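Chemist: Next come a sequence and a model predicted from it.
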Amino acid sequence: MTSKSKPSEHPSGDERYKSIDRTMKRAGYQKDALLEVLNVAQETFGFLSEDLMVYISRHVNVPLSQTYGVATFYHMFTFEPLGENNCIICTGTACHVKGANKIAGLVAESFDVEEGGTTSDRLFSLTTARCLGSCGLAPVIVINGTVSGKETPDSTVRRVADMLNGARSELAVVEAT
Ligand code: FES
């Protein structure tokens, strides 16, 4: 039986691969599905590991170099696990014009994290995206999935600080129990 007719199971037995298998199967293991499959992989695992990209490449029959090419072209893909909390700053044109880079710069400096990076305690990741589709609210950020518009560097730093204070106190409660 070929991989075209049967979704193969990842040898790790990790259940998360099933959503990738389902997506590839639905698309008939066609190369055209590469972007969609990468999206599902990113959503399911939170980042694209080398193992994921090898697995996907094999099953949709695309050279690994091409899979890397697609994944690195699009800004929404990440290649390292994100921290427990994250802030995405839109750096698309409308947000850029309204000072997104200043926001990103102050957040990076205030929380000692590089753009695209994660703090050493893995509590916080700072990433950027090209247009989140809410240009009328520029500059736009997303903190743990919640979109906020018309941000300033100071307002974003406050939001991130509040989020991290909340996360740290939750952590302290868990550790104490
Ligand atoms: S450019 Fe930022 S939301 Fe469109």
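Modeler: Nice, thanks for sending it over.
Chemist: From Ser49, how far out is Ser125?
Modeler: Per Cβ to Cβ, to the nearest Å, Ser125 is found 16 Å from Ser49. Backbone N, C-alpha and C define where each C-beta goes, glycine included.
Chemist: scratch that, Leu132
Modeler: For Leu132 relative to Ser49 (Cβ to Cβ), the value is 25 Å.
Chemist: Excluding covalently adjacent residues, which one is nearest to Met53?
Modeler: Leaving aside its sequence neighbours, Met53 sits nearest to Thr67 (Cβ to Cβ, 6 or more residues apart in numbering; 4.9 Å).
Chemist: dump the residue contacts of that neighbour.
Modeler: When the contact criterion is Cβ atoms under 8 Å, 6 or more residues apart in numbering, the partners of Thr67 are 34, 38, 53, 56-57.
Chemist: what about the nearest residue to Pro81 once chain neighbours are set aside, neighbour count?
Modeler: Nearest non-adjacent residue to Pro81, counting by Cβ to Cβ, 6+ apart: Phe47, 5.1 Å away. For Phe47, the tally of surrounding residues (other Cβ atoms under 10 Å) stands at 14.
Chemist: Which strand or helix spans Phe47?
Modeler: Here Phe47, judged by DSSP states H and E, is contained in no helix and no strand.
Chemist: Distance of it relative to His10?
Modeler: 16 Å.
Chemist: all strands of the protein, in order?
Modeler: Applying DSSP state E to the chain gives strands spanning 85-90, 117-118, 124-129, 141-143, 146-148.
Chemist: Out of those, which gets nearest to the ligand?
Modeler: Between the ligand and those, the tightest spacing by Cβ to the nearest ligand atom is seen for strand 85-90, at 3.4 Å.
Chemist: Which residue does this protein have closest to the ligand?
Modeler: Nearest residue of the chain to the ligand: Gly92, at 2.6 Å (Cβ to the nearest ligand atom).
Chemist: Test my guess that that residue contacts Leu137.
Modeler: No: taking contacts as Cβ atoms under 8 Å, Gly92 lies outside contact range of Leu137: 11.7 Å.
Chemist: what's the overlap in contacts for the two?
Modeler: Counting by Cβ under 8 Å, 6+ apart, Gly92 and Leu137 have no shared contacts at all.
Chemist: buried stuff in stretch 67-82?
Modeler: Neighbour-count burial for stretch 67-82 flags 67, 71, 77-78, 82 (criterion: 16 or more other Cβ atoms under 10 Å).
Chemist: got the angle between the top helix by length along the chain and strand 124-129?
Modeler: If you go by DSSP state H, the chain has its longest helix at helix 153-176. For helix 153-176 against strand 124-129, the angle by axes from the mean of the first three to the mean of the last three Cα atoms, to 10 degrees is 140 degrees.
Chemist: Under the pLDDT cut-off, which ranges of this structure? List them.
Modeler: Within the chain, the segments meeting pLDDT under 70 span 1-8, 171-177.
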